[in-house]
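> no FASTA, just this:
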């Protein structure tokens, strides 16, 4: 008799616990879906800010039930939608098991969330041609001043694209014309070749890039940067912009804002160490876009008037 009572109690407990556990699992899956869609929202919003309004990011959903069991209304980046609400300008369809959320951008309405029952593959989109990656061998090392050996005795060169009337920048841009829509040719971006020009010092050369117009950002501001090292690796890290004064030429005495303050070799290494390493330009750029969307960069994004 006692055994039957125990079995009955266990059966009751199981009948109560299983639905509760199932509900909690579904809530966990929905929380993951919402986090992933919010991340995609941030990426698309940032890309749109940079002028790439054609980007589409598709998130495959993990939830097993249609709609939302854990929250009502749902709020994703300020797009608020209730269960009983139909389609809006920014919300199309409903979440479904095995479905997806396509996050896109509409010039008139902003970010649009399109939910459907068939998960679609993610199709990365980049505002530049990703085939152009050899910025040292195909650009810097092909300039006249480099092939002439002008940097052979320079332990810490700096060629910043914001330097006005720079003969070095003119030569680099002339070589860049052989590329069509490379990373360094994005509108309003800022880049700089930096490092040691002496022989056998290739490991101490770097390319810093940001989509931000540093002249509009101002000096002493922290900004995200995408870095390529001369060995072909990539990093996404952070620098502090620095003010420079042009010496000589028609712009003598004019100030400009460089992508980074003056750095020595140990400081270059510190910047790399503080960031994260990537092996392709595509991976690094996606990480850069996510970094740029961080709220701590709101102030430096605000002055930007055009896209890279």
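Now that the structure is in, tell me what you want to look at. The model shown is predicted, which means the values in this text are computed figures rather than measured ones.

> what's residue 132 sitting at in phi/psi?
Phi and psi for residue 132, reported as degrees, to the nearest 10, are phi -90, psi 100.

> residues near it, how many?
Residue 132 sits with 19 neighbouring residues when counted by other Cβ atoms under 10 Å. Glycine gets a C-beta too; all of them are placed from N, C-alpha and C.

> please apply the same query to residue 254.
Neighbourhood size, residue 254 [other Cβ under 10 Å]: 14.

> tell me how far it lies from residue 125.
Residue 254 sits 37 Å away from residue 125 when distances are taken as Cβ to Cβ, to the nearest Å.

> same deal with residue 277?
In this view, residue 277 and residue 125 are 23 Å apart by Cβ to Cβ.

> now do residue 291
Using Cβ to Cβ, which is the criterion applied here, residue 291 is 18 Å from residue 125.

> what about those two, which has more around it?
Using other Cβ under 10 Å as the criterion, residue 291 and residue 125 rank with residue 291 on top: 20 against 13.

> which SS state does the more buried one fall under?
Secondary structure for residue 291, judged by DSSP: H, G, I helix; E, B strand; the rest coil, is helix.

> stretch 59-68 - what's its average pLDDT?
Mean pLDDT, taken over the full extent of stretch 59-68, equals 88.

> same question for stretch 276-292.
Averaging pLDDT along stretch 276-292 gives 95.

> so, low pLDDT: which residues of the protein?
Across the chain, the ranges flagged by pLDDT under 70 are 1-23, 118-124, 305-308.

> any idea where the helices of it begin and end?
2-49, 144-147, 167-176, 214-217, 265-274, 281-292, 298-301 (DSSP state H).

> residues near the residue lying closest to residue 88 once chain neighbours are set aside, how many?
In space, not counting the residues next to it along the chain, residue 88 is nearest to residue 81; the distance is 6.9 Å by Cβ to Cβ, 6 or more residues apart in numbering. Residue crowding around residue 81 was assessed by other Cβ under 10 Å; the count is 20.
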